[in-house]
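[1] Take a look and give me a structure for this.
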Amino acid sequence: MDLPANTERVSARTSTKINQRIAEEAAARVAWHAEHPDAIPRRLAQLDREWDIERTLEANAASLSLLGIGLGATVHRRFFVVPAVVTAFLLQHALQGWCPPVPVLRRFGFRTAREIFEERLALLAATRAGQRRGGSLERT
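    Purely as a prediction, here's the structure:
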């Protein structure tokens, strides 16, 4: 079984078109913020609160599992299949970086922690570049 590197699991299993769209959207945000440096702190705060795809999968899986357990215990035993399927999807995702919800979430724009971190680094670099330009203008 081919097990991709942890940081590449999701993007390696996502279509090139979707990866490219996500990267282009991030680049456009960074470019806009480079022109509007006073908005960078607000964007950095937004990135701190952004849920990456892993957290989203975990929260949805836990919710569906609890729902399945509750329905299995109170309505019909047949609902116990829901947590079993969700657990299988989580295991598949842990090993391969892919499970059926991943393509859907990626289409909705959910990013990996690494993609979010890369946008953060680019914004910080834009901040430092702006400070250097501002600093050199003050000295002349």
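[2] For the rest of this, base every contact and every neighbour count on C-alpha atoms.
    Fine.
[3] Poorly predicted segments of this protein, please.
    Low-confidence segments of the chain (pLDDT under 70): 1-4, 130, 132-140.
[4] Domains of it: list them as residue ranges, please.
    Here the domain parsing of the chain from automatic domain parsing is 16-50+113-140, 52-110.
[5] Tell me which of those is the most buried.
    domain 52-110 (a mean of 16; mean count of other C-alpha atoms under 10 Å).
[6] How about L123: what's its closest non-neighbour residue?
    V30 (6.0 Å; C-alpha to C-alpha, 6 or more residues apart in numbering).
[7] helix or strand for that neighbour, which one?
    Using DSSP states H and E, V30 sits within helix 16-35.
[8] immediately after that helix, which helix or strand?
    Toward the C-terminus, helix 16-35 is succeeded by helix 40-49 as the next helix or strand (DSSP H and E).
[9] So which residues of the chain form helices?
    With DSSP state H as the criterion, the chain has helices at 9-12, 16-35, 40-49, 53-74, 81-96, 101-107, 113-139.
[10] if we can go back for a sec, for the helix holding V30, list the C-alpha coordinates in CSV.
    Output of helix 16-35 as CSV, limited to C-alpha atoms (Å, rounded to 0.1, in the frame of the first residue of the first chain):
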residue,chain,number,x,y,z
THR,A,16,-4.7,19.0,-9.7
LYS,A,17,-7.5,21.4,-10.8
ILE,A,18,-8.8,21.8,-7.2
ASN,A,19,-5.2,22.1,-5.7
GLN,A,20,-4.5,24.8,-8.3
ARG,A,21,-7.7,26.7,-7.5
ILE,A,22,-6.9,26.7,-3.8
ALA,A,23,-3.3,27.8,-4.4
GLU,A,24,-4.5,30.6,-6.8
GLU,A,25,-7.0,31.9,-4.3
ALA,A,26,-4.4,32.0,-1.6
ALA,A,27,-2.0,33.8,-3.9
ALA,A,28,-4.6,36.4,-4.8
ARG,A,29,-5.3,37.0,-1.1
VAL,A,30,-1.6,37.4,-0.4
ALA,A,31,-1.2,39.8,-3.3
TRP,A,32,-4.2,41.9,-2.2
HIS,A,33,-2.9,42.0,1.4
ALA,A,34,0.6,43.0,0.1
GLU,A,35,-1.1,46.1,-1.3
